[in-house]
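J.: Structure of the sequence below:
(chains A and B)
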Amino acid sequence: MIISVASGKGGTGKTTVAVNLALALEAGQAVQFLDCDVEEPNAHFFIKPQIEESRDVFTLIPEIDESRCTYCGKCAQVCAYHALAVVKGTVLVFSELCHGCGACSLLCPEKAIREVGKKIGVIESGRAGEMAFLQGRLDVGQAMSPPVIRALKKRLDPGRTVIIDAPPGTSCPVVESVKRSDFCLLVTEPTPFGLHDLELAAATAKEMNIPCGVVINRASLGNEDGTIRDFCAAKEIPVVMTIPFDRKIAEAYSRGQTILGAFPAYREKFLELFERVGKIRS
Amino acid sequence: MKQVVVISGKGGTGKTVLSACFAALSRNAVLADVDVDASNLHLLLHPEIQERHVFKSGRKARIDAAKCVGCGLCLPLCRFDALVEDDQGRVRVDPLSCEGCGVCFHVCPVQAVTLEIPTSGEWYVSHTKYGPFVHARLGIAKENSGKLVTEVRKKAGEIAEREGRDLLIMDGSPGIGCPVIASLTGTDLAFVVTEPTPSGLHDVERIVDLIRHFEIRAACCINKYDLNHDNSDGIERWCRARSIPVVGKIPFDPAVTESVVQGVPFVEYASNSSADEIQRTWRSLLSLIGGILG
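T.: Residues are numbered from 1 along each chain as shown, chains lettered A, B, ... in the order given. This is a model prediction of the structure:
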């Protein structure tokens, strides 16, 4: 089973939920953890894996063979991303705009374009105990994270229970991370920000046809839990876990401690969470 | 007009809460929410929308099933796994995966593919009691958030020009990718909000690298600094070594959450030491803008 953890809003506790769920499950089954928040991969601070291998991620960008090029302009014309421009006697390549689709090299009538790799990030893999751990890391200054996420997800091991820590937001990096999950956990907090972004995240999961459940983090006794629950009831999305607002949890997090490490009684709660997800799916 | 972007790397460090406070404390600013993916600033500024604009961007392939002859020529050429073959050998497009490159369109021998420009979101020009506000909403699971950010900034700049406003305050998005780069380029100051956690520390390093990559001045603020004094000291030392001024250290304060629940900028909700510290942070920020740019 592939479970992704997403949220819309940043800082609601995606990594906390993903990490603790993975650690709780690890004793009983083979688990693989994929940190798909490649712009800010942070799960390793809590899982503390031994990184055994690091592989660069490349995207393909065009390289022009000036000896064959006739400056006909076909490549610039077919490039959907304006990554090529042909001006008198030269072809300019704006590699940061290139999506690596290959249209230019495929359609060049002179076969004057070949594709070369440009490094945009890295995939690091290793293990923490029995858990297989992989994370992507986008190079600083690179704009496009989806190719790094795609490269990371190619290494997904369907033989294990896979936990995916997704980036915040609702656009392409989230879609790439959550795609083909069996279940998506949406982590939110009981504030108007949390509710607003939960609505977006739930709509994203729906658009992708992925069943989801909500984890309310920093839940208090107060008012706002109710609005989250009302929303979930109206959309028929189950609330699968609540984690109370507790300064002690925030402090443990600030020391790089997991919830399970600081409050071992939570192991049972995360196992229940997994069980609930399994029941919803069946 | 000077431009400040409030940014963080890590999500949930307090960008929007601080942006709203700065909006409330400013006198002659234009406000913009450049977190178009998961925008929240409007929940504190309560805008009256005056203009709505449709944002159309990117392309998506569509295959006319009646025309597709199932030759399969396009299938191996799609680099985005966006083409799916059905039982009859006909091909359809998964719009969530399609990046609109047009390779399928160009190679199709029977012209079964069309490229459509979808509506990817909306953007708005609004009135708030703190000044004009430009914000947006990217459609669900849509792309090109960077282009929408650029659109929002362009409009906010025009308003500032027209109304003679001297500051643009932008609430940024988490991460270091395309929308963040679009919000950073050409700004005068990046105001980094971080927190004293391992993630906060790590992400401040990455966002500062990015800010420097674009040769933009940075200032830093540590939110919830008293959660972990050792980490806060570490962030301060790290910033000092790079000549990045730490202009604010705001305590962990549950009243901040209450102010968000009430939908009010924190400096208007509470008068306590945290609110005082945010006021001081704002004054430091203003003198910094005046100092480095004046």
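
J.: From here on, just use CA atoms for contacts and neighbour counts.
T.: Will do.

J.: which bits of the stretch 151-282 of chain A sit near chain B?
T.: Contact residues of the stretch 151-282 of chain A with respect to chain B, defined by CA under 8 Å from any CA of the partner chain, are listed as A:168-172, A:174-176, A:191-193, A:196-197, A:200, A:203-204, A:207-208, A:224, A:250-251, A:253-256.

J.: let's see it at 6 Å
T.: Residues of the stretch 151-282 of chain A lying near chain B by CA under 6 Å from any CA of the partner chain: A:169-172, A:191-193, A:197, A:204, A:251, A:254.

J.: List buried residues within those residues.
T.: Burial by neighbour count, judged by 16 or more other CA atoms under 10 Å in any protein chain shown, picks out A:169-172, A:191-193, A:197, A:204, A:251, A:254 from these.

J.: want to try TSV for the residues you listed, with pLDDT and secondary structure as columns?
T.: Below are those laid out as TSV (pLDDT from 0 to 100; DSSP: H, G, I helix; E, B strand; the rest coil):
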residue	pLDDT	secondary structure
A:169	90	strand
A:170	89	coil
A:171	88	coil
A:172	91	helix
A:191	92	coil
A:192	93	helix
A:193	95	helix
A:197	95	helix
A:204	94	helix
A:251	93	helix
A:254	93	helix
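
J.: Pull the residues that contact the strand or helix carrying residue B:290.
T.: When secondary structure is defined using DSSP states H and E, the element that contains residue B:290 is helix B:273-293. In this structure, residues lying in contact with helix B:273-293 by CA atoms under 6 Å, 6 or more residues apart in numbering or on different chains are B:247-248, B:250, B:267.

J.: how about residue A:20, phi and psi?
T.: Its backbone dihedrals place residue A:20 at phi -70, psi -40, with angles given as degrees, to the nearest 10.

J.: and what of residue B:219?
T.: Backbone phi and psi, for residue B:219 under degrees, to the nearest 10, turn out to be phi -130, psi 150.

J.: measure it to chain A for me?
T.: The span separating residue B:219 from chain A equals 19 Å under the rule CA to the nearest CA, to the nearest Å.

J.: Excluding covalently adjacent residues, which one is nearest to residue A:5?
T.: residue A:185 (4.7 Å; CA to CA, 6 or more residues apart in numbering or on different chains).

J.: The host helix or strand of the one you found - contacts with which helices or strands?
T.: In the assignment (DSSP H and E), residue A:185 maps to strand A:183-188. Counting contacts by 3 or more CA pairs under 6 Å, 6 or more residues apart in numbering or on different chains; DSSP states H and E, the secondary-structure elements packed against strand A:183-188 are strand A:2-6, strand A:212-219.

J.: how about the helix-or-strand element of chain A with minimal mean pLDDT: buried residues?
T.: Scoring the helices and strands of chain A by mean pLDDT, DSSP states H and E places helix A:224-235 at the bottom, with a mean of 90. Buried residues in helix A:224-235, defined by neighbour count with 16+ other CA under 10 Å: A:224-225, A:228-229, A:232.

J.: Looking at those residues, which one is closest to chain B?
T.: Sorting the buried residues of helix A:224-235 by distance to chain B puts residue A:224 at the head of the list, at 7.4 Å, by CA to the nearest CA.

J.: Helices along the chain, start to end?
T.: You didn't say which chain, so I picked chain A. If DSSP state H is used as the criterion, the helices of chain A fall at A:14-26, A:44-47, A:74-78, A:103-107, A:146-153, A:172-178, A:192-207, A:224-235, A:247-254, A:259-262, A:266-281.

J.: Correction: the question concerned chain B.
T.: With helices called from DSSP H, chain B shows them at B:15-25, B:42-45, B:103-107, B:145-163, B:178-184, B:198-213, B:229-241, B:254-262, B:266-269, B:273-293.

J.: Report whether the third one contacts chain A.
T.: What it means is helix B:103-107. Yes - applying CA under 6 Å from any CA, one finds helix B:103-107 in contact with chain A at residue B:103.

J.: where does the chain dip in pLDDT?
T.: Since no chain was named, I'll use chain A. A:221-224 (pLDDT under 70).

J.: nope, chain B please
T.: Where chain B drops to pLDDT under 70, the residues are B:292-294.

J.: Identify, from the buried ones among the residues of the stretch 151-282 of chain A next to chain B, the entry nearest to residue A:15.
T.: Taking CA to CA as the measure, residue A:15 sits nearest to residue A:254 out of these, at 13.1 Å.
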